[in-house]
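Asks: Here is the input, now give the coordinates:
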Amino acid sequence: MAKGNEQMTALQKEAKQYMEKHQIEDIIGDLLNTVTQHKFDEPIIYMIKYLCRVYCTPEQLQLHGISIKESVLQKPVLCLPLPDINAFKDRPILRKAMTREIFYKCKNEMTSYGNTFRSMWKLIKEYPNSKVGVFAVDPDSYTTYEQLFDQVIIQLKDQKDQKNANTPYNRDFTYNTQFFDQIKPEECVVTMRRNINHERFNSTLSPKQREALSAQLKQVLQEQQIVKFNIVHHLDKLPEFDLKKVLTNERMIKQPKDKNLHQYQGSRYPDWPYNRIIMYSEDMNNMVWINKEDHLKFKFISPNLNEALKKALAMNQFLEKYNISQSEKYGYHTVKPQYSGLGLSIQLKFRYDIQSINKIKQNSTKIQNKLFSILFREKGDKNEKGDKGERTSIITVAPALQLGKSLAQIMQQLNQDIQNMFNYSQKENIQQIQQEVDYYSQHKDRIDKLQKTQGFYHIKDIAINIKQDGIFPTRKKYIIVRRNFVKGPCNIDLLNGKKYRQINQKELQRLKFINLNQDTFLIDDKYFLSIKLDDDLLWIFPFKGFSLSQKLEEIDIIISEFLQDRQVAERNEYGYLTNSNEYVGSGISLFINFECSDEIDEQIRKKIDIYWKGQKLFKQKSSLWLHNVNDQNYHQLFQLLIEINQIKQLKEDQQRLSCYRDRKTILLIPYPQFINEYSKPYMEYFQQNIQSRFPHCRPYSSDMKVEKITDNQFSKDTLIKCSIFRNLKQINNQEIKTFATNLSLRERKDLEAVFKKKYQKEGVIYMKCHHIEYTFQCPITQFIDKFRKSIDDIHNAFGKEFWKDENFGFLGPLVQESFVDGFQLQIKTNKIYEKLYKEYNYEYNAQEKSILSKRPCAFNIEVEFLAKLVDL
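Replies: Alright, predicted model coming up:
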């Protein structure tokens, strides 16, 4: 009885989930309310029309052969109770906007797109953490629920009326940018949101409508010439790790954080991530979301606000011909009303020291009716005193204040407000930067205590005198050069005539081994330069080649051309002077990352201690810094690198070999071509487990002769479970380059649908690990016939275009399941014959009371094993 109650509880729970998913109770409640209030002569007809209009798309009706003539539909009377206003205490805007009168005015209204107030109410309830709390579900929401949106915007603007809500859009804007040129924001981000007219917003779009709209918008954006979006990611086709990176940070430059991923679930993002696209320019500084929430969301990122705004305005002008959703009163329609109006938001990021930030805070509080909100946050490592060395202030235009203002008016006020905020001691700061400092006088006490340099210190001399050339072949190698001026300012003006841009976050992540500042630039797409970090100038040269001398000659030419006649700090007895004694001499550092395991790392550390015990060398995990490169210590480094290379190669070979000797480890094949690139461990595995133990092993063929299995009581009663694994090279002339483990979710589902059309049978699983996995059970006596028939069925359905190797047989992600004939056996039995099991490499599982194969299976070998097992 108890079991029955548990079963009923589980069924009730499942039924409840089904009802909630499809809103059955809400729909029935609304219909009952409506028909009883209106007392229609034909209530069933109204109910049919209501369901077709509100809850079905034209495509769904057409697909199921339902035709409804367009007609005026009586307003529904929704089963929505008046909400408790106190429930909105954390959302003051919604609490003030959603009065009793407005709720009842909106409750039974329906938009021209067939959306009822329930669609909006569902979003309000589902997202309690939203700052405003109201979301439009289609362009007509602003008109149908005008009273609610008016009140929301009044609260956002903190005004008493809404008389001037029209939004003139001045494309030919001009404003004074001289002040921005002086203070130079670290980063400017212009975000623009747009939606297509006559299309529902994403929360109420059907999957088919979203798919068609995404394809249309993608094509439109690829036709325009304003920004080249060369990188296109369909989110449902991205590997999981990259998808998480996109959701964590739109520029894909941060490590993914799972805690941020929940925001892309629920009614705002139905059917996520299907038919969502993100497109980038090559430098990742321009991007556009398609159907994330708004139909289009652009981001233009630049150190120059003019440049970012120019792209936004040009893109807006291009889109005007595609019927963008807008109105005289609300401007451009957006899902969130706070972005309506111009549909633009601007973010300016500045970085200053602690004292400057405190003055900026004081000044910002004095500005009345300022157009922007301001957020201060700390960023940066602690300095030697334990204080934060830098803070970052982010100034953001409050988008809701755009209604009733042209872009020219907004930019004029923004420029004035920010000037007032920063107007505390600009002249003093500029004078301090430009003040000339004599380097020798400033560092006299430290310089007098330096030891004389040994060997050559000029770059050209070091390059000529390096005798043994060549460096460790790893991807992560950098040469760092430091220089200081004797006198004179060190600022951005040094880059005049150079093609440069500020370093982005992706590049900053690559160079995390050195703490860079905001004045770090990529020069001519070849090398990085940081100004006033520790030294006046710090160059970082990525080093991809093997010849250090050739690279140093190239660097010498670049630095000589850059410095021209500017005098740098150097002394013949010491070499080039740097602010840290570690780099005095050549001023050249070499960073190498070995990318190796902890065990190898420990061996490398010991080798380094032997070569440079007590000398200038800093070692961190799996990498080393040679702080002051010259011709002498590089020869030591070269010998060290030879030994490190030998250590690493030996360990890698041992790891490859041990991966199959360890019983708990399964040998993997990441992708089909991998086995050709790294054949050695697989060949040894195959020889030890197959060739040497079963020299008579042969690949399966339909006419293969095998010995018969005795028909006795044991063979009739003993069940055998056989799983066959196959991976296809192509299907329907479509090439499949990898296994299911490396395919995206979308690619798996698409291929699964194609496979099911070819072969659908009980026991077949598609795209789990292998492309195809078919499992059958039968008595041992029937195994031979059942196996032959199953192989014939699979090969007849899919042809013979499977991934296969002439040495190993079939291929798949798991070697044990793939090699030879590509199948595995499990035999249910209580009998234990240890000698036989060991001979054929089977293992007894006492918990499941069965024996399992521990190696790739071959048809003739397994039949031979079964025959012996039955005869015992």
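
Asks: tell me the contacts of the residue nearest to Leu537 when sequence neighbours are not counted?
Replies: The shortest distance from Leu537 to any residue other than its chain neighbours is 4.8 Å, reached at Arg483 (C-beta to C-beta, 6 or more residues apart in numbering). C-beta here means a position set from N, CA and C on the backbone, and glycine is covered the same way. By C-beta atoms under 8 Å, 6 or more residues apart in numbering, the contact set of Arg483 is Asp535, Asp536, Leu537, Ile559, Leu563, Val568, Ala569, Tyr576, Gly587.

Asks: what does Leu537 give?
Replies: Arg482, Arg483, Asn484, Phe485, Cys490, Leu494, Leu529, Ser530, Ile531.

Asks: Need phi/psi at it.
Replies: Dihedral angles of Leu537 (phi, psi; degrees, to the nearest 10) stand at phi -130, psi 140.

Asks: so what's it bridging to?
Replies: Beta-bridge partners recorded for Leu537 (DSSP bridges): Arg483, Ile531.

Asks: State the pLDDT value of it.
Replies: As predicted, Leu537 sits at a pLDDT of 89.

Asks: now swap in Arg193 and tell me
Replies: 93.

Asks: Against Glu801, how distant is Phe739?
Replies: Separation of Phe739 from Glu801 (C-beta to C-beta, to the nearest Å) stands at 15 Å.

Asks: cool, and Phe528?
Replies: Applying C-beta to C-beta, the value for Phe528 to Glu801 is 48 Å.

Asks: Span of stretch 63-79 from start to end?
Replies: Between the opening and closing residues of stretch 63-79 lies a distance of 30 Å (C-alpha to C-alpha, to the nearest Å).

Asks: Show residues contacting that stretch.
Replies: The contact list for stretch 63-79 (C-beta under 8 Å, 6+ apart) reads 26, 29-34, 37-38, 40, 46, 48-50, 52-54, 56, 61, 107-110, 116-118.

Asks: Could you list the low-pLDDT ranges of the stretch 701-850 of the chain?
Replies: 744-745 (pLDDT under 70).

Asks: picking that back up, between Phe528 and Glu801, which has more neighbouring residues?
Replies: Phe528 (23 against 12; other C-beta atoms under 10 Å).

Asks: so that one sits in a strand?
Replies: Yes: secondary structure assignment places Phe528 in a strand (DSSP: H, G, I helix; E, B strand; the rest coil).

Asks: residue contacts, it?
Replies: By C-beta under 8 Å, 6+ apart, the contact set of Phe528 is Ile503, Glu507, Leu511, Leu516, Thr520, Phe521, Leu522, Trp539, Ile540, Phe541.

Asks: By neighbour count, which of those residues wins?
Replies: Busiest of the contacts of Phe528 [other C-beta under 10 Å] is Ile540, holding 24 neighbours.

Asks: Doesn't that residue lie inside a strand?
Replies: Yes: Ile540: assigned to a strand according to three-state DSSP.

Asks: ok, and the closest non-adjacent residue to it?
Replies: In space, and not counting its chain neighbours, Ile540 is closest to Phe528: 4.1 Å by C-beta to C-beta, 6+ apart.

Asks: And Asp283, by the same measure?
Replies: Per C-beta to C-beta, 6+ apart, closest to Asp283 is Asn504, 7.1 Å.

Asks: ok, back up a step: show only the entries of the contacts of Arg483 found in helices.
Replies: For these, the ones inside helices are Ile559, Leu563, with DSSP state H as the criterion.

Asks: out of the contacts of Arg483, what pair is the most spread apart?
Replies: Ile559 and Ala569 (14.2 Å; C-beta to C-beta).

Asks: More neighbours: which of those two?
Replies: Ala569 (24 against 18).

Asks: separation between the more buried one and Leu495?
Replies: Going from Ala569 to Leu495 by C-beta to C-beta gives 21 Å.

Asks: What of Leu516?
Replies: Plainly put, Leu516 is 16 Å away from Leu495 if you go by C-beta to C-beta.

Asks: give me the number of residues near Gln706?
Replies: Actually, residue 706 is Val rather than Gln. Val706 has 16 neighbouring residues, counting by other C-beta under 10 Å.

Asks: quick one: what helix or strand has the closest residue to it other than its chain neighbours in it?
Replies: Once flanking residues are discounted, Val706 sits nearest to Val863: 4.3 Å by C-beta to C-beta, 6+ apart. Val863 belongs to helix 859-871 when assigned by DSSP states H and E.

Asks: Using CSV, write out every CA atom in that helix.
Replies: Output in CSV follows, covering the C-alpha atoms of helix 859-871 (Å, rounded to 0.1, in the frame of the first residue of the first chain):
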residue,chain,number,x,y,z
PHE,A,859,34.6,-11.8,-33.1
ASN,A,860,36.6,-15.0,-33.6
ILE,A,861,38.4,-14.6,-30.3
GLU,A,862,35.2,-14.0,-28.3
VAL,A,863,33.4,-17.0,-29.9
GLU,A,864,36.4,-19.1,-29.1
PHE,A,865,36.2,-17.9,-25.4
LEU,A,866,32.4,-18.6,-25.3
ALA,A,867,32.9,-22.1,-26.6
LYS,A,868,35.4,-22.9,-23.9
LEU,A,869,33.3,-21.3,-21.2
VAL,A,870,30.2,-23.4,-22.2
ASP,A,871,32.2,-26.7,-22.3
